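[1] give me a model of this one.
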Amino acid sequence: MWFDHYPTLGPSRKTEPVLGKQKNQSSCVRNFAVSEREKARKSQAGIANRFFVMVVLAVLAIPSLTLADNTTLENAQPLILGEVVEESIESEGALWWAAHLVAGRSYSFSVWAPFTDPGEAHVNLSVQVFDKNGRLTPSFWDTGRVIAEPILGFRTQGHGASIIIPGEGGDQVPFMPAVTDTYFIRVCRYLPLFFSGPTPPAYPIHVLGLETTLFSPWYFIDAAKGYDSFVEIRNNSQVLKYIYVSSGIGPGYISAPLTATVTVYDSNGGIVGAKTVTIPTNGNTFIRIGAEFGISQGFGSVQIAHNGTLGAVCANTTTLSTRTGLSFDGPFKPRMSWSVFKR
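    Below you'll find the predicted structure:
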């Protein structure tokens, strides 16, 4: 009977166990348990392997996204204003970005090579703005090209002196679009004149776009009560203009005034008028809104666009009455405050 081999499972009767047979029976039980555990382990491993294979196949079935190099206008990558973009540029290469810009406002675009010694790798860079039909900003070799602080294209000479060299170490360009549209920013790396030797290696560059427009939220005009508003503007920046040859001087940069366009809006956002002024370095000027634009009564806001970099201009709108002596201010502020904490 089957219970003869397993006394504890059989009928309740006294059976004398055989010692040798009991030893073999215990060994069989242990081997049977080990065998079952091994089968369970292998089964679990098989399930895990099948699951892994299914996951891999599912991942491989997902369509991969390939980003084209931004080496042409058609493949331009989006440029977020205020974001420092880092990318590698080949010798005599060009890279493109795209940004949506608003008519009448002002912007500044800069490029530099933060980790490259210009004396070792010939850091010669340029940045220009294009629309779909062609270039809109001058090259740094074009007479009349304007740059402002911080000046990127310079080389330090002996005894602490420095000279401005177009594109040496970096470049920047201000831009005031005539229409609201998508514009294209091209960065080029070129070899210096009379260069000879092996092609220099690629190096990383940083590209930065900023809006520099300033806004004042309030002006008030009431000629009958003697109220008028004054826009006061100061040029905080050193502005330089490139000349090729002038009176035996050049090529190089000479001091130039900053250009600012003041646009006055009514309370509904309509343009009342605009006036462009030039301001020398550390100079200032003002515009009397009521007298300048023929406003006898009304209120609104003011915008200033300029060809400097961020912080090149500070301004304020002061409204006062010549009869009562009462006055109040509407300080200008940038539309967005940028903080760049990257070299």
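[2] where along the stretch 201-343 of the chain do the strands fall?
    Secondary structure of the stretch 201-343 of the chain by DSSP state E, counting those that start in this stretch: the strands cover 203-211, 214-222, 227-235, 239-243, 252-255, 258-266, 271-279, 284-288, 297-306, 313-321, 327-331, 333-334.
[3] please look at F332 and L214 and confirm they touch.
    Yes: if you go by C-beta atoms under 8 Å, F332 and L214 touch, sitting 4.0 Å apart. Placement of C-beta: from N, CA and C, glycine included.
[4] mutual contacts of these two, please.
    Listed contacts common to F332 and L214 are 304, 313, 315; contacts here mean C-beta atoms under 8 Å, 6 or more residues apart in numbering.
[5] give the bridge partners for V207, please.
    Beta-bridge partners of V207, counted by DSSP bridges, are V85, V111.
[6] just give me the least confident of the shared contacts of F332 and L214.
    Among these, V313 carries the weakest pLDDT, at 95.
[7] so F332 and L214 - more neighbours on which side?
    L214 (24 against 20; other C-beta atoms under 10 Å).
[8] residue contacts, the more buried one?
    L214 makes contacts with 303-304, 306, 313, 315, 332-334, as judged by C-beta under 8 Å, 6+ apart.
[9] from S106, how far out is it?
    For L214, the distance to S106 (C-beta to C-beta, to the nearest Å) stands at 9 Å.
[10] now for the two: what residues contact both?
    Common contacts of L214 and S106, defined by C-beta under 8 Å, 6+ apart, comprise H306.
[11] rewinding a little: which among the contacts of L214 gets closest to T72?
    Of all these, H306 has the smallest distance to T72: 31.7 Å, by C-beta to C-beta.
[12] burial count for the closest one?
    Using other C-beta under 10 Å, H306 is surrounded by 28 other residues.
[13] isn't it right up against T263?
    No: between H306 and T263 there is no contact under C-beta under 8 Å: 11.6 Å.
[14] so what's T281 scoring on pLDDT?
    pLDDT for T281: 90.
[15] show me the contacts for it.
    235, 237-239, 255, 257-258.
[16] repeat for Q128
    Applying C-beta under 8 Å, 6+ apart to Q128 gives the contacts 135-139, 173, 185-186, 188.
[17] ok, F328 next?
    Contact analysis of F328 by C-beta under 8 Å, 6+ apart lists 318-320.
[18] one more time with 7 Å
    The contact partners of F328, taken as C-beta atoms under 7 Å, 6 or more residues apart in numbering, are T319.
[19] would you say W96 is within a strand?
    Yes: using DSSP: H, G, I helix; E, B strand; the rest coil, the assignment for W96 is a strand.
[20] and the helices in the stretch 51-200 of the chain?
    Counting by DSSP state H, counting those that start in this stretch, the stretch 51-200 of the chain has helices at residues 118-121.
[21] any weak-confidence spans in it?
    Regions of the stretch 51-200 of the chain meeting the criterion pLDDT under 70 cover residues 51-68, 118-121, 139-144, 150-168, 192-196.
[22] how about 50 then?
    Within the stretch 51-200 of the chain, the ranges that satisfy pLDDT under 50 run 63-67, 156-163.
[23] in it, which spans are strands?
    For the stretch 51-200 of the chain, the strands defined by DSSP E, counting those that start in this stretch occupy 77-78, 85-89, 94-101, 107-112, 125-131, 134-135, 146-148, 154-156, 162-164, 170-175, 181-189.
[24] for T116, phi and psi?
    Dihedral pair for T116: phi -120, psi 130, per degrees, to the nearest 10.
[25] residues touching it, list them.
    Contact analysis of T116 by C-beta under 7 Å, 6+ apart lists 123, 203.
[26] domains in this structure, by residue range?
    2-61, 73-211, 214-334 (automatic domain parsing).
[27] most neighbours among the contacts of L214, which one?
    Greatest neighbour count in the contacts of L214, by other C-beta under 10 Å, goes to H306: 28 neighbours.
[28] hang on, that residue packs against A260?
    Yes: at 4.1 Å, H306 counts as touching A260 under the criterion of C-beta atoms under 7 Å.
[29] who touches both of these two?
    V313.
[30] would you turn the strands of the stretch 201-343 of the chain into JSON lines with distance to G82?
    Formatted as JSON lines, those follow (distance: least, C-beta to C-beta, whole Å):
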{"stretch": "strand 203-211", "distance to G82": "6"}
{"stretch": "strand 214-222", "distance to G82": "16"}
{"stretch": "strand 227-235", "distance to G82": "23"}
{"stretch": "strand 239-243", "distance to G82": "23"}
{"stretch": "strand 252-255", "distance to G82": "27"}
{"stretch": "strand 258-266", "distance to G82": "22"}
{"stretch": "strand 271-279", "distance to G82": "25"}
{"stretch": "strand 284-288", "distance to G82": "28"}
{"stretch": "strand 297-306", "distance to G82": "17"}
{"stretch": "strand 313-321", "distance to G82": "18"}
{"stretch": "strand 327-331", "distance to G82": "21"}
{"stretch": "strand 333-334", "distance to G82": "10"}
